[in-house]
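Engineer: here's a sequence, model it:
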Amino acid sequence: MAAKKKGKHFAWSNIHNGGKVQEVRGRKIVVERNMVACGDPIDQATLGFTDEEWAGLLESGSVRSYPYPEGIGETESPSSFVLRSMLGGKEQLDPNLLLEMSLVGQIDTEEEPTSELVEA
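Structural biologist: Next up, the predicted model:
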């Protein structure tokens, strides 16, 4: 088994990590949830995630190696916030954040990318 990753990462979505369940009248009811909130610093070892769970959180973007942007509204997405910030010129944008956003949603293909223009 590989050693659990310990290091500085940040939650980019609310992450449910267990909780307490009670049985009431034959039904299981969640009475308490352990939740990691957006922006909280986290690591795999402290939260007890398996390697597979941790890899899934990293791949989905729910956990990233840089902080969640401050000032995001409760219902606003990080990408909307960054676009609004760019248009409003309110703050300096982190080049690493822009690079990360440019890679989100790219589809892996067998072909090498090309910079040549294709004429129709």
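Engineer: mind listing the strands for the protein?
Structural biologist: 9-11, 15-24, 27-36, 41-42, 63-64 (DSSP state E).
Engineer: the fourth one pairs with which strands, parallel or anti?
Structural biologist: Meaning strand 41-42. Using DSSP bridges, the strands paired with strand 41-42 are strand 9-11 (antiparallel).
Engineer: circling back to that earlier point, what's the closest of the strands of the chain to E76?
Structural biologist: strand 9-11 (16.0 Å; Cβ to Cβ). Any C-beta I mention is one placed from the backbone N, CA and C, and that applies to glycine too.
Engineer: how's this structure carved up into domains?
Structural biologist: 1-68, 72-104 (automatic domain parsing).
Engineer: worst mean pLDDT among the ones you listed?
Structural biologist: Comparing mean pLDDT across the domains of the chain, the weakest is domain 72-104, with a mean of 69.
Engineer: returning to what we had before: need the strands of the chain in JSON lines (columns: distance to T75 and mean neighbour count).
Structural biologist: JSON lines is the format used below for those (distance: least, Cβ to Cβ, whole Å; neighbours: other Cβ atoms under 10 Å):
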{"stretch": "strand 9-11", "distance to T75": "17", "mean neighbour count": "19"}
{"stretch": "strand 15-24", "distance to T75": "18", "mean neighbour count": "11"}
{"stretch": "strand 27-36", "distance to T75": "17", "mean neighbour count": "11"}
{"stretch": "strand 41-42", "distance to T75": "22", "mean neighbour count": "18"}
{"stretch": "strand 63-64", "distance to T75": "20", "mean neighbour count": "20"}
